[in-house]
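Asks: I'd like to go over a predicted model; first the sequence, then the structure.
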Amino acid sequence: MDVFKTHGAFSWNELLTADPERAAAFYGELFGWSFDQQEYDGVGTYRVAKTPDGTAVGGIMAFPPDTPKEVPPHWAGYVTVDSVDDTIAKAVELGGSVLVPAMDVPGVGRMAVLRDPTGAAINVIRYEAM
């Protein structure tokens with residue numbers, strides 16, 4: 001199964017933290033991950049975590065500047081969907097809400113952050129052709 005193409009599959013994990021450098025050092029030692037660093041407008045340095053065989057498994061980034069201080073560092077999962085916009089509409093229909101509206105991430109795909117009726121956040125994404 002290709003998790004980057006399969007609707008409903010968890011496909012990516014991302015750590016948001018105030019100290020991404022320290023977090024990368026910790027997880028690098030803990031799991032043997034290496035990191036490729038990329039710069040993105042509005043995000044800054046994004047560290048792509050790779051297993052010893054070179055498989056990309058997640059990312060680490062600093063909190064966006066507008067993140068409330070009470071938000072703790074956390075891992076966020078991404079679920080692949082066939083259509084981000086259709087998934088947003090269905091989530092709202094089912095009692096969910098939109099935390100971050102759909103947006104296009106150049107070189108990655110289209111994504112949004114939803115909140116389920118229990119209050120939990122989930123990221124949804126449709127990847128660009130790889």
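Replies: Arrived safely.

Asks: going forward, measure contacts between C-alpha atoms and count neighbours the same way
Replies: Will do.

Asks: bridging residues for the spatially most central residue of the chain?
Replies: Taking Cα atoms, centre = their mean, the centroid of the chain lies closest to E14, which sits 4.5 Å from it. Per DSSP bridges, the residues bridged to E14 are G59, A76.

Asks: how close does it get to G42?
Replies: Distance from E14 to G42, counting by Cα to Cα, to the nearest Å: 16 Å.

Asks: same question, Y127
Replies: 20 Å.

Asks: Of those two, which one has the most company?
Replies: Y127 (21 against 8; other Cα atoms under 10 Å).

Asks: Which strand residues bridge that one?
Replies: With DSSP bridges applied, Y127 shows beta-bridge pairing to G109.

Asks: Tell me the pLDDT of it.
Replies: pLDDT, Y127: 97.

Asks: what's near enough to touch it?
Replies: Contacts for Y127 (Cα atoms under 8 Å, 6 or more residues apart in numbering) come out as F4, K5, T80, V108, G109, R110.

Asks: Next: N13.
Replies: V57, G58, G59, W75, A76, G77, Y78.
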